[in-house]
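Participant: predicted model follows, preceded by the sequence.
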Amino acid sequence: MSQAINKVVVLGANGAMGAGSGEVFAAAGIPTTFLARTIEKARQGEARAVGMAKAEALAKFIEVGSYSEHLEAEVAQADLIFEAVSEDLELKREYFERIDAVRKPDSIVATVSSGLSIAAMTKGLSESFAKHFLGIHFFNPPNVIVGCELIPHAGTDPAVTAFVDELLATRLGRVVVRTSDTPAFCGNRVGFKVLNEVAQLAEEHGVEFMDTLIGCHTGRAMPPLLTVDFVGWDVHKAIVDNLAEKTKDEAHAAFVLPAYMQKLITAGHLGRKTPDKGGFFRKDEETRLVLDPATGQYRPLAQLQPPEFALRMKALIRNGRYAAAMDVFAEAEGAEADLMRRVILGYIGYGLNRVGEVVKEARDVDRIMGFGFNWAPPSVLVDSIGAARTVKLLERAKIAVPPVVKQAADAKSRLFSERAVDSGRFFYA
């Protein structure tokens, strides 16, 4: 495939992912048209993108328009049409029908869907559309997070997939992971299993406790429940509901949205996007408040002290002694340590057991979790704990041992294969 990408059209350009994705294209010097329901909303997306780039000069690569006045004319000229409207299959298909009627035969159409079926979006559309259609799942905010999933469906032309892979990796500077067209793909399937499990555990143990226990010292840039607030409770619900409906694997129970979250979502609590109502956390004037899942009420945040073993982990991480910190993780005793291991070992086991089903190799899981979620990749944790000890811990926790971990243990070899990446970058104290 030899075509060049000289014009991009973004649908849903006023939303967070639309504006952020548009910023990525425009920042690469590609003329990009931002489309939304109204020109005013498209201009809001443009302003958002310029703000992300911190460069007024970005605007010279952006034009704006509305669906009613400009969609057909803009799409007819585009080399890449990038859809970022709401995560609703039927709504997306409405726009794809309009796109299919006017697009150039060789134009590429992509969706930024975070987990809907890519193949299902092409049903009833032309063969040319299906051949040139795939998923490009940026992570939010795309101008900061370089991890990206590329999701062809069974009917995507392999030459189109290869072309888009090259475009993302070179011109757009993405760390690209190809995944199969399975629910939530790889990053969200693995990541939201952990996020929702912690939300379930918060009902028993409390929000403050869980975010303190599964904090940055466990290999993540942001604690899990604070992450859910950042993502948005509505987005979280859409992803885990889709996974609960469409998957029936060993982690199925972890995808059931807690009843207290559903109740609060119905009442308009969506996390940071609803600052007056909040999510797990909110701010009342100058006071930081935290949710009590049992009552649905908020109280002042107590700033809990981490357990003693977690403090030791933090101290070791601050000194760059990551393996020693994971020694503490593996050997600490007591219910709190068991609970931490339950979550982190569950992440390792579930993530690496997706090899062969969702991705081809452990490296793919590692890259999307490391560069998409900013979490310590499962293989980094296995290497830090030791593969043989990881096998024993997984067996003790009654978590299925991924074949790649068993192979690393038998060969006494390391599992993380990104030689140019300092694994210490994933640990925070």
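Facilitator: Perfect, thanks for sending it. Residues are numbered from 1 along each chain as shown.
Participant: low-confidence ranges, this structure, go.
Facilitator: Low-confidence segments of the chain, defined by pLDDT under 70, are located at 1-2.
Participant: run the last query once more with 80
Facilitator: Within the chain, the stretches with pLDDT under 80 are 1-3.
Participant: tell me where the stretch 1-150 of the chain has helices.
Facilitator: 16-27, 39-53, 67-77, 89-102, 127-131 (DSSP state H, counting those that start in this stretch).
Participant: return the first one as PDB; C-alpha atoms alone will do.
Facilitator: It stands for helix 16-27. Taking Å, rounded to 0.1, in the frame of the first residue of the first chain, the C-alpha atoms of helix 16-27 are listed here in PDB:
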ATOM      1  CA  ALA A  16     -11.700  14.100  25.100                       C
ATOM      2  CA  MET A  17     -10.600  11.300  22.800                       C
ATOM      3  CA  GLY A  18     -11.600  13.100  19.600                       C
ATOM      4  CA  ALA A  19      -9.800  16.300  20.500                       C
ATOM      5  CA  GLY A  20      -6.800  14.400  21.900                       C
ATOM      6  CA  SER A  21      -6.600  12.100  18.800                       C
ATOM      7  CA  GLY A  22      -7.000  15.200  16.500                       C
ATOM      8  CA  GLU A  23      -4.100  16.800  18.400                       C
ATOM      9  CA  VAL A  24      -1.900  13.800  17.600                       C
ATOM     10  CA  PHE A  25      -2.600  14.000  13.900                       C
ATOM     11  CA  ALA A  26      -2.300  17.800  13.700                       C
ATOM     12  CA  ALA A  27       0.900  17.800  15.800                       C
END
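Participant: off-centre distance for it?
Facilitator: The offset between the C-alpha centroid of helix 16-27 and the centroid of the whole chain comes to 16 Å, using CA atoms, centre = their mean, to the nearest Å.
Participant: what's the angle from it to helix 39-53?
Facilitator: Here helix 16-27 runs at 70 degrees with respect to helix 39-53, directions being taken by axes from the mean of the first three to the mean of the last three CA atoms, to 10 degrees.
Participant: what sits up against helix 16-27?
Facilitator: Outside helix 16-27, the residues within contact range by CB atoms under 8 Å, 6 or more residues apart in numbering are 8, 10-13, 32, 34, 36, 45-46, 48-50, 52-53, 58, 61-62, 80, 82, 84-85, 112, 138, 140-143, 172. Heads up, the C-betas are built off the backbone N, CA and C, glycines and all.
Participant: now, these that are in strands?
Facilitator: Counted as lying in strands by DSSP state E, out of the contacts of helix 16-27, are 8, 10-11, 32, 34, 36, 62, 80, 82, 138.
Participant: in stretch 49-68, which residues are buried?
Facilitator: 49-50, 52-53, 58, 61-65, 67 (16 or more other CB atoms under 10 Å).
Participant: closest one of those residues to Ala154?
Facilitator: Tyr67 (29.6 Å; CB to CB).
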